[in-house]
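Novice: What shape does this take:
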Amino acid sequence: MRIIQWLTGSFILLLTLIGCGNQERPLRVGVISGPEATLMTVAQQVAKQHGVDFEIVEFTDYAIPNIALHDGSIDANVYQHLPYLQAAQANQGYNFTVIGKTFIYPMGGYSSKHQQLSDLPQRAVVAIPNDPSNEGRALILLQQAGLITLNKTAGFNATPSDIVDNPKQLRFRTLDAAQLPRVLADVDLALINSNFAVAGDLSPERDAVLLEDENSPYANLIVVRTSDQTNPELLAIVEAYQSTEVITAAKQLFGNQALPAWQEQP
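Specialist: Here you go, the predicted structure:
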């Protein structure tokens, strides 16, 4: 009997220690590797000055930060815009809430073969991201440039099958967003998010032959599990990210192509 009592007591103690360990773990914030991770490092320093400590977890695959947030591996992620989040929640049933905005990183069209859009030949090969919302974002940008026309019902998640008019008979290749800067030599045009463009030594201001403007609806968001939306430490991370220090760092990294989405644009 004493052995059973000792084992039971030891098991309870072990569970207690595990629980305490989980409570003492710093918050974890997921980001995509590259310039956005650099900005989060600045926010981390600002938050630490105000007594809030958190770890930065970097990812290279767009799908993983939401999976990690859902399963509790991280406590927030900072990388996605609202159309992407809405698509992920509809497809996966995530129960997430937006607690803040970061920057609008305009998507741009880049080419190592052509200096302007009018130079695109018939049947040009155009590379676009393969995740649903950024694929739609790229196609909407091409439509705004007059290169294609989309079905009016397509919405934010348009795909090449929604193209109803394609005068140049553009041919589309869908690739992982992070790979797009590396395929410029193989395509006529690639539609690339600014974070990956900058990581690939491309300047949106200097190199893009096509660029979203400040009216883009694709502001990146700070997302948490709905049950954590009032967590004061997570809200403090939002405040740290929206600091002047982060704005200054974004200006250095992106020039004028990182627009603070929490501020009213002129």
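
Novice: So Ala88 is in contact with Gln80, correct?
Specialist: Yes. Ala88 is within contact range of Gln80, at 7.4 Å (criterion: CB atoms under 8 Å). C-betas here are computed from N, CA, C, even on glycine.

Novice: Mind listing the shared neighbours of these two?
Specialist: Jointly contacting Ala88 and Gln80 under the rule CB atoms under 8 Å, 6 or more residues apart in numbering are Asn66.

Novice: residue ranges for the helices of the stretch 151-266 of the chain, please.
Specialist: When assigned using DSSP state H, counting those that start in this stretch, the helices of the stretch 151-266 of the chain occupy the ranges 194-199, 204-207, 232-241, 244-254.

Novice: Show me the one of those helices that comes nearest Gly30.
Specialist: Shortest distance between Gly30 and these, using CB to CB, is found for helix 232-241: 12.0 Å.

Novice: Make a markdown table from the helices of the stretch 151-266 of the chain and add distance to Gly30 to it.
Specialist: Shown next, in a markdown table, are the helices of the stretch 151-266 of the chain (distance: least, CB to CB, whole Å):
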| stretch | distance to Gly30 |
| --- | --- |
| helix 194-199 | 14 |
| helix 204-207 | 24 |
| helix 232-241 | 12 |
| helix 244-254 | 17 |
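
Novice: The most centrally placed residue in the chain: what's it in contact with?
Specialist: Most central in the chain under CA atoms, centre = their mean is Tyr79, positioned 2.7 Å from the mean C-alpha point. In this structure, Tyr79 makes contact with Gly30, Val31, Ile32, Glu36, Phe59, Tyr62, Pro65, Asn220, judged by CB under 8 Å, 6+ apart.

Novice: still on that earlier bit, winner for burial among the helices of the stretch 151-266 of the chain?
Specialist: When you average the neighbours per residue for each of those (mean count of other CB atoms under 10 Å), helix 194-199 leads with a mean of 24.

Novice: Point out the other helices and strands that that helix packs with.
Specialist: For helix 194-199, the elements it packs on are helix 35-49, strand 108-110, helix 204-207, helix 244-254, judged by 3 or more CB pairs under 8 Å, 6 or more residues apart in numbering; DSSP states H and E.

Novice: doesn't Leu69 make contact with Phe96?
Specialist: Yes. If you go by CB under 8 Å, Phe96 and Leu69 touch, sitting 6.7 Å apart.

Novice: Which neighbours do those two have in common?
Specialist: Val223, Val224, Arg225.

Novice: which of those lies closest to Ala199?
Specialist: Taking CB to CB as the measure, Ala199 lies nearest Val223 of those, at 21.6 Å.

Novice: Okay, that closest one and Ile128: tell me how far apart.
Specialist: Summarising the geometry, the distance separating Val223 from Ile128, computed by CB to CB, to the nearest Å, is 24 Å.

Novice: cool, Gln92 as well?
Specialist: According to CB to CB, Gln92 stands 22 Å off from Ile128.
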